[in-house]
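1. Generate coordinates for the sequence data below:
(4 chains)
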Protein chains: 2
Amino acid sequence: MDIAMLEALGRRITTLRQARELSLSALAVKAGVAKSNLSNLEQGRGNPTLDTLWRLAKQLKVPFGVLIATEVGMASSVIDNGMYITLLGQGSAAHPIDAYLMRVEAGASRLAEPHTCGSEEHIMVLKGEVEVGHHDATRQLGPGETTRFAADHVHIYRALDEDVAMLVTIIYPPVTQDHPA
Amino acid sequence: MDIAMLEALGRRITTLRQARELSLSALAVKAGVAKSNLSNLEQGRGNPTLDTLWRLAKQLKVPFGVLIATEVGMASSVIDNGMYITLLGQGSAAHPIDAYLMRVEAGASRLAEPHTCGSEEHIMVLKGEVEVGHHDATRQLGPGETTRFAADHVHIYRALDEDVAMLVTIIYPPVTQDHPA
DNA sequence: CGTCTTTGTTCTTTATATAGAACGCTCGTT
DNA sequence: AACGAGCGTTCTATATAAAGAACAAAGACG
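-> Numbering: from 1, shown residues only, chains lettered A, B, ... in the order given. Predicted structure coming up:
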């Protein structure tokens, strides 16, 4: 990994903690992690577990991405130049659905790789004009308009004159639950 | 933590991996993590290390925030017993649209007052079964299903057996606003 | 002054995440 | 068939993250 990143993470935790006026011990207790663990983390040693990070983020009341915000180029929700994506919510295991808020800057476009075979994508435009769909059959949508297409082929999003915001919902094929022995 | 979150993380990794057309083994090699580790992760077992997550995110070319479901950062407010709503985004002034993530606990229901005359409401269900619409003409929707109705009459949301999550988009009538100051 | 409390550090110990090998499985190929 | 190559799973072994106790240092308060 990158020790610089770990150090940055440590400093960030320290900063956030102090901003909340919590002592290291206090945060450790509230978050339910060992003092030693937290101490090491803040010093940039170690390699925290998702669980640990989760508890800390929860107590510090910051979104997860903020803890990991990075100079290494993996900013919290930028995926491309002019493209931002945020996970909003998801369905149950039996009905796997992911909902994202996607923003595209004016003029930007993005080619999306196919998702799982059989998945569909549903778009609802909030703001701006956007061209979406398979590259040979796109549709142009404005605010309030929706479309739906198979997501297991390459598809494109392109913002026209204006910044675009849209809800993107990916509907995966239902899980054929296998019965454990 | 939440094992549901781990399962979601697993699903997401699987999806992203398949979208890149990588086999589990291939991704494991490219990312530099053990196959067994990745396999367990995708099955929702375990509690990955920041290092592991980092390498995977890097190879999958996704931001961290996307890999990790971030309900923590989601400031939601309770509006009724069993009802939670979060504002996700809004359209422009010229095209006023509000998008919300609404969650309703199993069995709960809510009667919504009419909105601005001429406004429409669009529903996309993420999770659970819900009954929505005007009280004399409701529709029952499951995950991935959508409906749209005039929102300037009283309407109802009712979660059936299961907790419900849905995207609610309110589309106000276009503003015939000319010449802004 | 002493002696409590609270600070953050660094020990030791235990739990477990990861690595690596071995497994059964499904395909192509000969 | 038999074989090999790929797949994803599940073993075992090892490295290490996390927990808990002990630590020195710095106030707080009588």
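2. Beyond the lowest-mean-pLDDT helix or strand in chain A, next helix or strand please.
-> One helix or strand of chain A scores below all others by mean pLDDT, DSSP states H and E: strand A:78-80, with a mean of 54. Where DSSP states H and E defines the elements, the next helix or strand beyond strand A:78-80 is strand A:83-90.
3. That following strand - contacts with which helices or strands?
-> Using 3 or more Cβ pairs under 8 Å, 6 or more residues apart in numbering or on different chains; DSSP states H and E as the contact criterion, the elements in contact with strand A:83-90 are strand A:97-104, helix B:64-67, strand B:120-127, strand B:164-171. Quick note: C-beta positions are derived from backbone N, CA and C, even for glycine.
4. Going along the chain, name the helices of chain A.
-> Along chain A, the segments classed as helices by DSSP state H run A:3-19, A:24-31, A:35-42, A:50-60, A:64-68.
5. Tell me which of the ones you listed lies nearest to residue A:88.
-> Nearest to residue A:88, of all those, is helix A:64-68, at 13.5 Å by Cβ to Cβ.
6. what mean pLDDT does that closest one have?
-> Helix A:64-68 shows a mean pLDDT of 65.
7. thinking again about what came up before, the helices and strands packed on strand A:83-90: which one's closest to residue A:48?
-> Taking these one by one with Cβ to Cβ, helix B:64-67 is closest: 13.2 Å.
8. still on that earlier bit, looking at the helices and strands packed on strand A:83-90, which has the lowest confidence?
-> Here the helices and strands packed on strand A:83-90 differ in mean pLDDT, and the lowest is helix B:64-67 at a mean of 66.
9. Tell me the residues on chain A that lie near DNA strand D, please.
-> A:32-37, A:41, A:45-49, A:51-52 (Cβ under 7 Å from any atom of the strand).
10. Kindly recompute the last result at 6 Å.
-> A:33-37, A:46-49, A:52 (Cβ under 6 Å from any atom of the strand).
11. Reformat the helices and strands packed on strand A:83-90 as JSON lines; add mean neighbour count.
-> JSON lines is the format used below for these (neighbours: other Cβ atoms under 10 Å in any protein chain shown):
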{"stretch": "strand A:97-104", "mean neighbour count": "22"}
{"stretch": "helix B:64-67", "mean neighbour count": "23"}
{"stretch": "strand B:120-127", "mean neighbour count": "22"}
{"stretch": "strand B:164-171", "mean neighbour count": "24"}
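12. need those in TSV with distance to residue A:148, can you?
-> Output for the helices and strands packed on strand A:83-90, formatted as TSV (distance: least, Cβ to Cβ, whole Å):
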stretch	distance to residue A:148
strand A:97-104	13
helix B:64-67	22
strand B:120-127	10
strand B:164-171	14
